[in-house]
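# Return a 3D structure for these sequence lines:
(one chain, ligands or ions: 2)
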Amino acid sequence: MASAAEEGREAAGGSWEAALRRMLPSGAPLPDEEQLDYSIAIGYDFPPGPRDALEREALDIHGAPVSTTAVDDCAHALPGGPRFNRRGSGDPPRRAQAERARSSSVACVPAESDGGAFRSGPRTSSARGTGSFSGSPRRLRPEGVTCGAEKDPEEDLAGGTVAPASARERKRGVCFRCGKGNILKEREACLVCDARYCRNCVLKAMGSMPEGRKCVSCIGRPIDESKRSVLGKCSKMLSKLCSPLEIRQVMKAERECAANQLRPEQLVVNGRPLRQEELDEVLGCSMPPQKLRPGRYWYDKDSGLWGKEGEKPDRIITSKLNIGGKLQADASNGNTQVYINGREITKLELKVLKLANVQCPRDTHFWVYDDGSYEEEGQNNIRGKIWEKASTRLICSLFKLPTPPENPPGSKEDISAFSVRSVPEYLEQKRVQKLLLLGLEGSGTSTIFKQAKYLYENPFSAEEMQNMKLMIQSSLYRYLSTLLEARERFEDEVLEGKQSGSLQSKIPTNGLGGTGAQKHNQCAYSINQRLRHFSDWLLQIMAMGDLDAFFPAATREYAPVVEEAWKHPAIQETYKRKNELPFLPDVASYFLDRAVEISSNEYEPTQEDILYVEGITQCNGLAFIEFSLDDRSQTSQPYAEKFDCPHPQTKYQLIRVNSKGLNEGCKLLEMFEDVRAIIFCVSLSDYDQMWPRSSGKLCNKMMASKDLFESVVSHPSIRETPFVLLLNKYDAFEEKISRVPLTVCEWFADFSPVKARDSNQSLANHAYYYIAVKFKDLYASISNRKLFVFQMKARERNTVDEAFKYIQEVLKWDDVKDENVYGILDESIYSTEFSSSPYLK
Ligand SMILES: Nc1nc2c(ncn2[C@@H]2O[C@H](COP(=O)(O)OP(=O)(O)OP(=O)(O)O)[C@@H](O)[C@H]2O)c(=O)[nH]1
Ligand SMILES: [Mg+2]
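Ligands and ions are numbered 1, 2, ... in the order given. All right, here's what the predicted structure looks like:
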């Protein structure tokens, strides 16, 4: 930000305050300096000359690294180079930045110009200055299907977002990320390393907080025990930055995620550290010790008495737990020579026993049971119940000694026992099987996710529907801007061609089509002045990455212009070349055809619209849902019968990772070591599509999918994890294969359609098996596990349901794989399909 702001200052020839003031409504206060993380507004008001120069400097045409910090931040994160390739001297950096941001629903938000999934207030002020077409600066925080569970993985992976260790030694009041200090301002501290962040930095440093308030680099690490008491207690600062829903989710995660729980070795009971299963037992019992902290404890399993080592009893917990070592006589450091279950009791206990009229001379050894009944050792004669009388209970409470609950959980009187009490959440989590859903952009992961939501979870809430509506409405503008940008480029190509072809006639052109030579500067891609203005304005907005700030406020207003532009012959001509536009999805026309309807306030997305729109949320990072497959639809019945489905309680957590979260050598996968299966999605119909690599160079999209597949498969964190490949978009593939030969993709150069005719297979089917085997071979060259392949059409809900049932079976067989039933699964699933394939190995 600093560099951009400085450039802005220079270019504008004035101070940032002056520049900012011009953009804010009169009388509006300037945001405080800490919040000046926003370079955009300053940049936008540049006079044309200097800005162009600046932009030219900042970005090369092919997406080479740019000098502007904000753009840099984003550049490493996205597979595509700048998508608005302006002619000649270079791209405007902001436009490139916006283009990166918009690829697949704005997953990339430059770290320095925005807060990723969480955006804060001052940004709206930047939107106010955006020129004549500006709509209301309504800033809508993208909230998604699993609000708070989603995150922008870019920032997590950026590495630079977390301060180095040395920075953490800075004094109190100093933000560990930006280094700005203000003792009076609230800071949010990492529960692990205590790094403190100001309100501008906290969300950048902590991402979407899957384990609560921890720096991204501290995720997975145990918390600082001194902070255990604040677990799940939200700070004022956070409550101002996040929505209530997000807060609830973050705090829940903070309290309940496995990493924040006590570790067994932190609890020493009767002189021995616990084992994991013992900790599970103690936490999962009907009366666990509340607010358990790390430490040394004693436990009397006969009476259920529990206390800190060397101290009087503290509470009564469930008896007969098999935890820790043997109760020692000196466990509570008593010196009374009166013993309960082998432990020498403390003076206080003795006093209470006496007040309760229990005869206990020296050297008495009692057996006390969990209901309070007691007898002397060896006498086999119950002499009474210690805590029976109300007076005894009162005395105990006066002396802060525990008494058993009158209706202990599990007793007949306690009707709520067990039925209501849930197993601690983190134990529950162990029963949740995580499924990681990945794939290259556009492969269909969002569609699968949304289908799963329809199938197994609750359909979208009103809030989520509203978000979908916004996504669809702003998509209109993204699609149109892609077309307008391409139109400009195509027009230039044609006019430049004309110009070089008629150099002798010396026709003057300026490439912008606005001079006296206008009539010579017309071609099939030319538009009128009015649309040109609109186009410039829209592309500018896109370049600023401010789409969300303008829409949907502006949606209704400009719907007719969008429609006019879309129907314009120049745009239609451009659309004919959609194969050359890697970022124009197939669904563009589906939505643009209905621009006016979609832009209206009354518009309500249909289920089809929701499935067709790209992405899940506007931020479109990480998202998850939980479901179990017991409430199966009819389609899954055959599977259930065939494979005897596992216990209906098995829960699945489907985690969808945006492909951009997988950059930098798939680092994000390290966070998912405990996933039960990797579900990798490939779009079959991508074989003729182009895709920009991180270098900006275009390549075949299937090759890009292959590369991503290879890097995921080779990742050490998931070496032992079952891998399911979903070959998606079979419908589009079927339609395309007769028009476009599979061999256009270099990986499939040896595909022979002749074999399809020989084997009486449809060409599509034949090609499908060929591709499946290609992936299987590739997988086999990296891993010694088996690749499970499933063909699907994610837009058809039943195929998604079947895919999940298939995955369920894969997991089930994986559990018993040593019994060598893999082969059975393989046969049962593949046999009908693969046996007829000439490529079956
Ligand atoms: N024809 C066809 N289109 C599909 C199918 N599955 C998904 N699509 C469409 O493909 C487009 C991209 O799908 P998404 O689900 O958004 O893809 P993604 O993997 O989430 O990609 P990003 O969100 O861009 O990373 C959407 O318009 C979907 O409607 C399919 O089986 N057939
Ligand atoms: Mg998508």
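
# do you know how far residue 175 is from residue 242?
For residue 175, the distance to residue 242 equals 18 Å [CB to CB, to the nearest Å]. The way it works is simple: take the backbone N, C-alpha and C, and place the C-beta from them, glycine included.

# Let me know the secondary structure of the closest residue to ligand 1 within the stretch 201-350 of the chain.
At 17.0 Å from ligand 1, residue 208 is the closest residue in the stretch 201-350 of the chain, using CB to the nearest ligand atom. Residue 208 falls in the coil class when you classify it by DSSP: H, G, I helix; E, B strand; the rest coil.

# Next, count neighbours for it.
Using other CB atoms under 10 Å, residue 208 is surrounded by 28 other residues.

# Find me the pLDDT at the nearest residue to residue 714 once chain neighbours are set aside, would you?
Using CB to CB, 6 or more residues apart in numbering and skipping residues adjacent in sequence, the residue nearest residue 714 is residue 782, 5.3 Å away. Looking at residue 782, its pLDDT stands at 93.

# and the gap between residue 782 and residue 305?
Separation of residue 782 from residue 305 (CB to CB): 57 Å.

# of these two, who's got more company?
Set side by side, residue 782 and residue 305 show more neighbours around residue 305, with 29 against 16, by other CB under 10 Å.

# Do I have it right that the more buried one meets residue 402?
Yes. Assessed by CB atoms under 8 Å, residue 305 is found in contact with residue 402 at 7.1 Å.

# Now for those two: what residues contact both?
Counting by CB atoms under 8 Å, 6 or more residues apart in numbering, the contacts common to residue 305 and residue 402 are 313, 315, 316.

# Name the helix or strand for the second one, please.
Meaning residue 315. strand 313-316 (DSSP states H and E).

# same thing with residue 679?
Applying DSSP H and E, one finds residue 679 within strand 677-683.

# and whichever helix or strand comes after that strand, which residues are buried?
Downstream of strand 677-683, the next assigned helix or strand under DSSP H and E is strand 690-692. Within strand 690-692, the residues that count as buried by 16 or more other CB atoms under 10 Å are 691, 692.

# for stretch 797-816, same thing?
Applying 16+ other CB under 10 Å to stretch 797-816 flags 797, 799-814 as buried.

# wait, does that stretch contact ligand 1?
No. Judged by CB under 6 Å from any ligand atom, stretch 797-816 makes no contact with ligand 1; its nearest approach is 7.7 Å.

# Rounded mean pLDDT for that stretch, please.
The pLDDT scores in stretch 797-816 average 88.

# Check stretch 535-553 too.
The average pLDDT within stretch 535-553 is 76.

# tally of neighbours for the closest residue to ligand 2 within the stretch 601-750 of the chain?
Closest residue of the stretch 601-750 of the chain to ligand 2, CB to the ion: residue 614 (3.7 Å). Number of residues near residue 614 (other CB under 10 Å) recorded here: 21.

# Then residue 363?
Neighbours of residue 363 using other CB under 10 Å come to 8.

# Helix, strand, or coil at the residue lying closest to it once chain neighbours are set aside?
In space, and not counting its chain neighbours, residue 363 is closest to residue 337: 5.5 Å by CB to CB, 6+ apart. The three-state label given to residue 337 by three-state DSSP is coil.

# any idea which element residue 705 lies in?
In this structure, residue 705 is located in helix 701-713 according to DSSP H and E.

# Would you mark the buried spots in that helix?
701, 702, 703, 704, 705, 706, 708, 709, 712, 713.

# For those, give me CSV that also has pLDDT and distance to ligand 1.
Shown next, in CSV, are these (pLDDT from 0 to 100; distance: CB to the nearest ligand atom, whole Å):
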residue, pLDDT, distance to ligand 1
701, 94, 12
702, 96, 14
703, 96, 17
704, 93, 12
705, 94, 10
706, 95, 16
708, 92, 11
709, 94, 14
712, 91, 14
713, 92, 18
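
# and which of the residues you listed is nearest residue 469?
Using CB to CB, residue 701 comes nearest to residue 469 of the buried residues of helix 701-713, at 29.1 Å.

# Just read off the phi/psi values of the residue of the stretch 351-500 of the chain found nearest ligand 2.
Using CB to the ion, residue 446 is the residue of the stretch 351-500 of the chain that sits closest to ligand 2, at 3.9 Å. Main-chain dihedrals, residue 446, degrees, to the nearest 10: phi -60, psi -40.
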